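In: Using only what follows, build the 3D model:
(one chain, ligands or ions: 1)
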Amino acid sequence: MTRLMYGLALSLAFFLSSSALAQMNPAPANPDLRPVLEDFGGEAGLTDLMDDFMEIMLENPQLRPFFVNTNQDRVKRQLVEQFCVILGGDCAYTGRSMRDSHAHLNIDRADFNALVEDLQIAMNRQGIPFRSQNKLLAELAPMYREIITQ
Ligand code: HEM
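Out: Numbering: from 1, shown residues only. Model prediction:
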C-alpha cells in the first residue's frame, strides 16, 4: 500500500513537472552575466533603458495597443527587476510569471519580434555594446514559449 502511494506521488510529481502546469522561472539569475549588467549601467541604466523602450513601443502602431492602457510605470519597474536579476544583479523580481502576465493578451510571433526589435532600438540608443545586447536577448528568447499564445 505504501509502495502504491509512493508510486502515485511520483507519477503526480512527474505529471506536474512535465505538463503545461509547469512554468519557467521568469527571472533566472545568472551571476556570470554581472559584467553585462555593468555594460547596461546597472539598475539605474536599466531604468533609463525601460523609459526609452516604453516610449518607442508606444510610438509603434503594432505594439501601442498592448501597452497604452496598462500601468506603464509598473511594467517598466517589473522589467527592470527582471532584467537586473537575469543579469546577475543584486535585485529581486516581484512580478508574475511570463505565462500569467501575458495569457490574456493574444500575442503572436510578429508581436514578439516587434517587441524585440524595439528593445534593440532602445539598447542601441543607450549605447549598450552589441555583445551585451545579445547576451540579454539570448536569456529572453526561450520565454517566447510562454508569451506567444496564438
Ligand atoms: C521576452 C519577451 C518579454 C518579456 C521578458 C516580458 C516581460 C514582462 C514583464 C516582466 C511584465 C510584468 C509582469 C507583471 O505584471 O507582474 C510584462 C507585462 C506585460 N507585457 Fe511582457 N514581456 C515580453 C514580451 C511581451 C510581448 C511580445 C508583448 C506584446 C506585444 C508584451 C506585453 C505585455 C503587457 C501588455 C504587459 C502588461 C500586462 C498587464 O498589465 O496585465 N510582453 N511583460
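In: and this structure, which of its residues are near the ligand?
Out: Residues of the chain found near the ligand (CB under 6 Å from any ligand atom) are 63, 66-67, 70-71, 75, 78-79, 82, 95-96, 101-102, 105, 107, 111-112, 115, 140, 143, 147. Backbone N, C-alpha and C define where each C-beta goes, glycine included.
In: Look at the residue in the chain positioned nearest to the ligand and say how many residues are nearby.
Out: Nearest to the ligand in the chain, going by CB to the nearest ligand atom, is residue 95, at a distance of 2.9 Å. Using other CB atoms under 10 Å, residue 95 has 16 neighbouring residues.
In: so the closest residue to it other than its chain neighbours is in which element?
Out: Closest residue in space to residue 95, ignoring its immediate chain neighbours: residue 78 at 3.7 Å, by CB to CB, 6 or more residues apart in numbering. Residue 78 is part of helix 72-86 when elements are defined by DSSP states H and E.
In: Using PDB, write down the CA coordinates of that helix.
Out: Extracted as PDB, the C-alpha positions of helix 72-86 are listed here (Å, rounded to 0.1, in the frame of the first residue of the first chain):
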ATOM      1  CA  GLN A  72       3.300  51.500 -17.700                       C
ATOM      2  CA  ASP A  73       5.300  52.500 -14.700                       C
ATOM      3  CA  ARG A  74       4.500  49.100 -13.100                       C
ATOM      4  CA  VAL A  75       5.500  47.200 -16.200                       C
ATOM      5  CA  LYS A  76       8.700  49.200 -16.500                       C
ATOM      6  CA  ARG A  77       9.600  48.600 -12.900                       C
ATOM      7  CA  GLN A  78       8.900  44.800 -13.300                       C
ATOM      8  CA  LEU A  79      11.100  44.700 -16.400                       C
ATOM      9  CA  VAL A  80      14.000  46.500 -14.600                       C
ATOM     10  CA  GLU A  81      13.700  44.000 -11.700                       C
ATOM     11  CA  GLN A  82      13.500  41.000 -14.100                       C
ATOM     12  CA  PHE A  83      16.500  42.100 -16.300                       C
ATOM     13  CA  CYS A  84      18.500  43.000 -13.200                       C
ATOM     14  CA  VAL A  85      18.100  39.500 -11.700                       C
ATOM     15  CA  ILE A  86      18.700  37.800 -15.100                       C
END
